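A.B. asks: Structure for the following, please:
(one chain, ligands or ions: 1)
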Amino acid sequence: MAYIVVATGNAHKVEEYRKLLADQKVELKSLLDYPGFPGVEEDGTTFRENAAKKALAACRYCDVPAFADDSGLEVEALDGAPGVYSARYAATDPERIARLLGELEGKENRRARFVCAIAIAVNGEVIETFEGEVRGVIAAAPRGEHGFGYDPVFIPDGYDQTFGELDSETKNKISHRANAFARAMEFVEEEMSVLDDDFGI
Ligand code: IMP
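C.D. replies: Take a look at the predicted model:
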């Protein structure tokens with residue numbers, strides 16, 4: 001079976017993508033399968049830029065089609081912060097959440113969105129990037145054990161529970177990553193004739 005590499009070593013993300021790709025005739029590998037991968041500095045100023053950089057590096061290193069995502073949380077009352085710096089907002093997930101809740105103390109507007117950019121690289125070139133989002137609000141305190149990152153404080157629109165409380169199936173239907181991925185898959189299916197040889201599908 002043909003395979004594609006997702007340029008991440010984050011086991012949670014790999015799991016989400018494995019589920020999203022469950023119906024496709026392609027096997028998913030990740031950087032967990034390439035322990036020698038030298039890593040990429042995520043120094044871009046946009047999600048798309050970082051995703052493109054990671055996809056390209058993985059495609060070149062692994063010598064197979066690759067895709068990468070870059071994602072984060074944009075909070076309205078914080079002028080879009082932590083945004084592209086979401087991972088660097090503090091050292092650990094609980095500290096990132098604590099900082100976020102601290103910054104929002106006393107602020108009425110708790111609207112936020114998760115954003116995800118996905119880039120696809122084939123034959124050593126980035127061929128396209130896509131963006132997806134999910135809008136919601138930041139909870140008063142963390143709730144739930146599912147997911148990762150800021151999930152325990154993000155309540156998506158239309159739900160009362162946080163991503164930390166909702167099961168992974170629900171998150172995978174509505175998440176920023178799922179939305180960006182759906183756009184990427186639409187593109188791959190449309191371009192299948194062009195990509196046939198690369199994907200071997
Ligand atoms: P990156 O895309 O791996 O650079 O992650 C950026 C940051 O956003 C990390 O701190 C993640 O915890 C956070 N993040 C990205 N996607 C999600 C998500 O689906 N849930 C919660 N946090 C996320």
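A.B. asks: correct me, but residue 50 touches residue 86?
C.D. replies: No. Proximity of residue 50 to residue 86 does not meet the contact threshold set by C-beta atoms under 8 Å, at 11.0 Å. Glycine gets a C-beta too; all of them are placed from N, C-alpha and C.
A.B. asks: since we're on residue 147, how many residues are nearby?
C.D. replies: Neighbouring residues of residue 147 were enumerated by other C-beta atoms under 10 Å; the total is 21.
A.B. asks: residues contacting the residue nearest to it when sequence neighbours are not counted?
C.D. replies: Setting aside the residues directly before and after it, residue 147 is nearest to residue 163 in space (C-beta to C-beta, 6 or more residues apart in numbering), at 4.9 Å. Contact criterion C-beta atoms under 8 Å, 6 or more residues apart in numbering gives 144, 146, 147, 150, 151, 152, 154, 155, 156, 171, 175 as the residues in contact with residue 163.
A.B. asks: Highest neighbour count among those residues?
C.D. replies: residue 154 (28 neighbours).
A.B. asks: What backbone torsions are found at the residue lying closest to that one once chain neighbours are set aside?
C.D. replies: Leaving out its chain neighbours, the residue that sits closest to residue 154 by C-beta to C-beta, 6+ apart is residue 163, at 5.0 Å. The phi/psi pair for residue 163 (degrees, to the nearest 10) reads phi -60, psi -20.
A.B. asks: Return the per-residue confidence for residue 163.
C.D. replies: According to the model's per-residue confidence, residue 163 sits at a pLDDT of 98.
A.B. asks: Contact residues of the chain facing the ligand?
C.D. replies: With C-beta under 6 Å from any ligand atom as the criterion, the chain meets the ligand at residues 10, 69-73, 86-87, 114, 147-151, 163, 175, 177.
A.B. asks: Give me the buried subset of the residues you listed.
C.D. replies: Of the members of the residues of the chain next to the ligand, the ones counted as buried by neighbours, 16 or more other C-beta atoms under 10 Å, are 10, 69-73, 86-87, 114, 147, 149-151, 163, 175, 177.
A.B. asks: Out of the residues you listed, which is nearest to the ligand?
C.D. replies: Minimum distance to the ligand across these is 2.2 Å, recorded for residue 149 (C-beta to the nearest ligand atom).
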